[in-house]
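# can you look at this prediction? I've put the sequence above it.
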Amino acid sequence: MTTMRNAYVDQFPAEARVVKSAFWSSFLALAIGGIFGLVQALHRTDVLRFIDSTDYYTVLTAHGVLLAITFTIFFLVGIFTWAVTTSLDRGVVDIRFTWSWYVMMVTGTVLVAVAIFSGFLEEPPSILGSELYADVLFTFYSPLQAHPIFYIGLVLFVVGTWLAGFDWFRTWWAWRDENADERIPLPTFMVLTTTLFWYICTLGVALSILAFLLPWSLGIVDSVNPLLTRTLFWYFGHAVVYFWLMPTYVMWYIMLPKLSGGKLFSDPLARVVFVLFLLLSTPLGIHHQYLDPGIAEGYKFIAMTNTMFLLLPSLLTAFTVVASMEHGARQRGGEGYLGWLTALPWRDPVFTGMALAGLMFAAAGFSGMINAGMNINYLVHNTWWVVGHFHLTVGTAVALTFMAAAYWFIPQVTGKELWSRSVALGQVLLWFVGMTFMSNAMHRSGLFGMPRRTAEPQYQNFDFEPAVGTVAEMDAQVALGAVLLVVSLVLFLLNMVLTSFNGTSDSIPDNTYAGTLSGPEDAPEILDNLKLWTAIAVVLVIFAYTLPLASIVESGGLFGPGIDGRQLSLGADLEPALETLREVVA
Ligand code: HAS
Ligand code: CU
C-alpha cells in the first residue's frame, strides 16, 4: 500500500501544519484528561486515593471537559480540514483564517482550563470580582456557578468551531464555482451536514451562556431558571455526542472499507445517514431529562420517539460498514458465512483499532436504547450505567477510532513513519480489553443503583446488594480497567511522541479514499440539497422545543421563579416581547 511519497503534508503543507497542531492539542487534552480518569476511578473504588474527596469534582470537571469537549473537537477539526481539502483536492481559501479559528479554540480552552484547575488551589485568585472556580462538571448545570472566564472560554471555543465550519463551507463554495455539475464529494458532504447540525445545536448552549449563565456569573442578573438553562444545555447536549460520532463515522465509511481491501458498499446510503443526523440530532435532547420535573410527559414522549428514529442512521451504518468490510475480506480470499472475518487485516493497528471501536459501539448502541426508554431510564438515570454507556460511545467508539486513525494521520501530516506498528496494535487491543472490564462493571453497578458523579458512592447504613457478584468485584474490575486504559494511553502517546522524532520517510501509505460499489451517481440529487434538509431540521427543532421552553419560562420565569425579566437589574422591560411570545404559543 505504499506509493511514491504523496502524503498530505506534500499536497497541502500549510493545511498540514494546522491539522497537526489540532491533533497535538487533542492529544494533550487526552493525556491530562485520561490521567484524571485513573485518579477518579481509583478514588471512587477506594483502591487508591491521591486526592481529597473535595477535589474530586475539580478532577471530574477536568476529565469531562478535556475529554468530551477538547480532545474530541480538536481532533474533529483536524480530520474535517483534511477531509475537505483532500476530497475537493484544493487548499483552504485563506490559511490565516484557518489559523485564526484554531487560535480562538486554543484561547478558549486555556481560559476554561485556568478556571477549572484553579479548583486545586487553596486560595484561588480573584478576577473580575469573583474567585476563580469551575467545579461545575462538563454539563455546567446551574445552580452550580463557575467563574465568568469559564463561560467566556466556552464561548470562544464554540465560536472558533463556527469559524472552522465557515472555512470548510468557503472551501466547498470555491470548489463548486469551478465544478458546478459535480456531486458534493462524500467526505465533504459528511463534513458539511455535520457542520450544519452543529450550527443548529450550538445555538442552544450559546443562548444559555450568553443570555443567562454569563450575566449571572458576572452579577448582572441575580438568578437564573435552572430548568431553562439545563434544557438549553440538552438542546445542545445530545447533538454534541453526534458531533463527536460523525468524524468517527467519516473514518468508518471512507477508511475502513479500503483498509479491509474493498470498497464502500453504498455512497447514497451514506448520504442518507448523514442527512438523518442533520434532521434528527437536535430535536430530542429532552431524553436526558426524563426525570426532570417541570417538563410535561408528552414532550418527553416526543423526545423518546425521535430518539428511537435516530437509531436508524446508526443501524444503517452498522449494515453499510460491515458489508463493506465483508466485501473487502472476500477480495482478500475470505470465505464462508463468517469465515471472511479471519481474512481481515487484524495485524494493521489502524484497521483493528477501528474495527474494535465499531464492535464496542454495537454494545454502546444497546445501552443507548436502554437509556432512551422512558420507563427503563428511571432505573439507570444518574447511575454508573450511564457512565458505562458513554465510556463505550465517546470513550471507545470515538476515542479508539481517533487513536487508530492517528496511526495513519500522523505519518500523513508529518511525512514520518510511525515509530512502532506493533506497539500500536498492542495499544488498541489493550484499550479494548481495559474498556471491556471498566464499562461492563459500570453498567452492572448502575443496574443496582450505584450513583454517578460522587466521590463517595457509599450511603450511610445502606449496602448495595447486587443480584450477581459483589460491589468489591465490580470495583476491582473498574480499577483494573482504568489501569489498563492508562497503560494503553501511555503507549499511544509514546508512539506519537517518538514518531515525531523519526526522520521523514518515502514509504508513507497513500492518501486516497475507498472506492464505492454504488457511487454518488446512484444517489438522488435531492440528497445534496443542503438548504432543504437544513430548513426541515430547523422546523423539527421548532416543533420539539417551542412548547417545552415556553412552559418552562411560563412556570419558572426567564431568570428564575417569578422573575420574567421585568425585575432585571438592567430594568429592561421585556413585557412586550413576552406578550408576543405568549400570543405565538397560545
Ligand atoms: Fe448516549 C447519555 C441515548 C449514542 C454519549 N450518551 C449519554 C451521555 C453521553 C452519551 C456522554 O436516551 C451522558 C451525558 C451526561 O453526562 O449525562 N446515546 C443514546 C442513544 C444513542 C446514543 C439512543 N451517546 C451516544 C453516542 C455518544 C453518546 C454516539 C457519544 C459519542 N445517551 C442516551 C440517553 C442518555 C445518554 C437516553 C441519557 C441517559 C440518562 O438518563 O442520563 C444512539 O445513537 C446509539 C445508536 C447506536 C447503535 C449501534 C450501531 C452499531 C454500529 C457499529 C458497526 C460496527 C463496525 C465494526 C463498524 C444502534 C454503527 C464491526 C466490526 C467487525 C469486525 C465486523
Ligand atoms: Cu442523548
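Structure received. Numbers count the residues shown, from 1 in each chain. Ligands and ions are numbered 1, 2, ... in the order given.
# just the helices from the stretch 351-500 of the chain, written as ranges.
For the stretch 351-500 of the chain, the helices defined by DSSP state H, counting those that start in this stretch cover 374-380, 384-392, 399-414, 421-447, 471-500.
# how many neighbouring residues does the nearest residue to Leu312 once chain neighbours are set aside have?
Excluding the flanking residues, the one nearest Leu312 by CB to CB, 6 or more residues apart in numbering is Leu276, at 6.3 Å. C-beta coordinates here come from the backbone N, C-alpha and C atoms, glycine included. Other residues near Leu276 come to 18 when the count uses other CB atoms under 10 Å.
# Leu276 touches Leu311, doesn't it?
No: the criterion here is CB atoms under 8 Å, and Leu276 misses it with Leu311 at 10.2 Å.
# hmm, back to that, need the winner for burial among the helices of the stretch 351-500 of the chain.
Of these, the one with the most neighbours on average (mean count of other CB atoms under 10 Å) is helix 399-414, at a mean of 26.
# what's the offset of that helix from the middle of its chain?
On the basis of CA atoms, centre = their mean, to the nearest Å, helix 399-414 sits 17 Å off its chain's mean C-alpha point.
# ok, the residue nearest to Leu312 - contacts?
Neighbouring residues of Leu276 by CB atoms under 8 Å, 6 or more residues apart in numbering: Leu310, Leu312, Pro313, Leu316.
# ok, back up a step: closest to Ile254 out of the helices of the stretch 351-500 of the chain?
Ile254 lies closest to helix 399-414 among those, at 10.7 Å (CB to CB).
# re the thing from before, in a markdown table, list the helices of the stretch 351-500 of the chain along with mean pLDDT.
Formatted as a markdown table, those follow (pLDDT from 0 to 100):
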| stretch | mean pLDDT |
| --- | --- |
| helix 374-380 | 95 |
| helix 384-392 | 98 |
| helix 399-414 | 96 |
| helix 421-447 | 97 |
| helix 471-500 | 97 |
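# between those, which one is nearest to ligand 1?
helix 384-392 (3.5 Å; CB to the nearest ligand atom).
# just want the angle from that closest one to helix 421-447.
With axes from the mean of the first three to the mean of the last three CA atoms, to 10 degrees defining the directions, helix 384-392 sits at 160 degrees from helix 421-447.
# which residues sit against helix 384-392?
241, 360-361, 363-364, 367-368, 370-371, 379-380, 435, 438-443, 445-447, 450-452.
# restricting to C-alpha, output it in CSV.
Presented in CSV, the C-alpha positions along helix 384-392 are these (Å, rounded to 0.1, in the frame of the first residue of the first chain):
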residue,chain,number,x,y,z
TRP,A,384,-23.0,4.4,36.7
TRP,A,385,-24.9,2.6,33.9
VAL,A,386,-24.9,5.9,32.0
VAL,A,387,-21.2,6.4,32.7
GLY,A,388,-20.6,2.9,31.3
HIS,A,389,-22.6,3.8,28.3
PHE,A,390,-20.6,6.9,27.4
HIS,A,391,-17.3,5.2,28.0
LEU,A,392,-18.3,2.8,25.2
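# in stretch 158-170, what counts as buried?
For stretch 158-170, the neighbour count (16 or more other CB atoms under 10 Å) marks Val158, Val159, Gly160, Thr161, Trp162, Ala164, Gly165, Asp167, Trp168, Phe169 as buried.
# circling back: list, out of the contacts of helix 384-392, those positioned next to ligand 1.
Residues of those in contact with ligand 1 (CB under 6 Å from any ligand atom): Val241, Phe361, Gly368, Asn371.
# only the buried subset of those, as a PyMOL command please.
Selection of buried members from those for PyMOL, criterion 16+ other CB under 10 Å:
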select buried, resi 241+361+368+371
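# Ala174: how many residues sit nearby?
Ala174 has 15 nearby residues by other CB under 10 Å.
# check which helix or strand it maps to.
helix 148-178 (DSSP states H and E).
# moving C-terminal of that helix, what's the next helix or strand?
Downstream of helix 148-178, the next assigned helix or strand under DSSP H and E is helix 186-207.
# elements contacting that next one?
Helices and strands touching helix 186-207, by 3 or more CB pairs under 8 Å, 6 or more residues apart in numbering; DSSP states H and E, are helix 72-88, helix 148-178, helix 226-254, helix 267-280, helix 530-556.
# next up, the contacts around the closest residue to Trp216 other than its chain neighbours.
In space, Trp216 comes closest to Val224 once its chain neighbours are excluded; the distance is 4.9 Å by CB to CB, 6+ apart. Listed by CB under 8 Å, 6+ apart, the contact set of Val224 reads Ser142, Pro143, Phe212, Leu213, Trp216, Phe559, Gly560.
# so, low pLDDT: which residues of the chain?
For the chain, applying pLDDT under 70 flags the ranges 1-4, 511-512, 562-582, 584-586.
# most centrally placed residue in it?
Residue closest to the average C-alpha location in the chain (CA atoms, centre = their mean): Trp244, at 2.7 Å.
# you'd agree it is up against Leu76?
Yes: assessed by CB under 8 Å, Trp244 is found in contact with Leu76 at 7.2 Å.
# Tyr407 and Ser422 touch, don't they?
No: using CB under 8 Å as the test, Tyr407 is too far from Ser422 to be in contact (11.4 Å).
# who in the stretch 351-500 of the chain is up against ligand 1?
Near ligand 1, when you scan the stretch 351-500 of the chain using CB under 6 Å from any ligand atom, you find 355, 358-359, 361-362, 365, 368-369, 371-372, 377, 381, 386, 389-390, 393-394, 398.
# so the residue in the stretch 1-150 of the chain that ligand 1 sits nearest to, which state does it fall into?
In the stretch 1-150 of the chain, the residue that lies nearest ligand 1 is Thr139 (5.6 Å; CB to the nearest ligand atom). Three-state call for Thr139 (DSSP: H, G, I helix; E, B strand; the rest coil): coil.
# any idea how far Arg452 is from it?
According to CB to CB, to the nearest Å, Thr139 stands 12 Å off from Arg452.
# give me every residue in this structure lying close to ligand 1.
Counting by CB under 6 Å from any ligand atom, the chain comes close to ligand 1 at 139, 241, 244-245, 252, 287-288, 307, 310-311, 314-315, 317-318, 321-322, 325, 355, 358-359, 361-362, 365, 368-369, 371-372, 377, 381, 386, 389-390, 393-394, 398.
# where along the stretch 251-400 of the chain do the strands fall?
Assigned strands in the stretch 251-400 of the chain: none (criterion: DSSP state E, counting those that start in this stretch).
# from the residues of the chain next to ligand 1, which would you call buried?
139, 241, 244-245, 252, 287-288, 307, 310, 314, 317, 321-322, 325, 355, 358, 361, 365, 368, 371-372, 377, 381, 386, 389-390, 393-394, 398.
# hmm, back to that, need the max-distance pair from the ones next to ligand 1 among the contacts of helix 384-392.
Greatest spacing in these, by CB to CB: Phe361 and Asn371 (14.4 Å).
# follow-up on the earlier one: residues contacting the residue nearest to the centre of the chain?
Ala68, Thr72, Ile73, Leu76, Val394, Val398.
# any idea how far the residue lying closest to the third one once chain neighbours are set aside lies from Ile254?
The one in question is Ile73. With sequence-adjacent residues excluded and distances taken as CB to CB, 6+ apart, Ile73 is closest to Thr161, at 6.3 Å. Using CB to CB, Thr161 is found at 22 Å from Ile254.
# what do you get for Ser130?
Distance, Ser130 to Ile254, using CB to CB: 47 Å.
# for burial, what's the neighbour tally of the closest residue to Ile79 other than its chain neighbours?
With sequence-adjacent residues excluded and distances taken as CB to CB, 6+ apart, Ile79 is closest to Pro247, at 4.6 Å. Close neighbours of Pro247, defined as other CB under 10 Å, add up to 25.
# check whether Pro247 really touches Val77, as I assumed.
No: applying CB under 8 Å, one finds Pro247 not in contact with Val77, separated by 9.1 Å.
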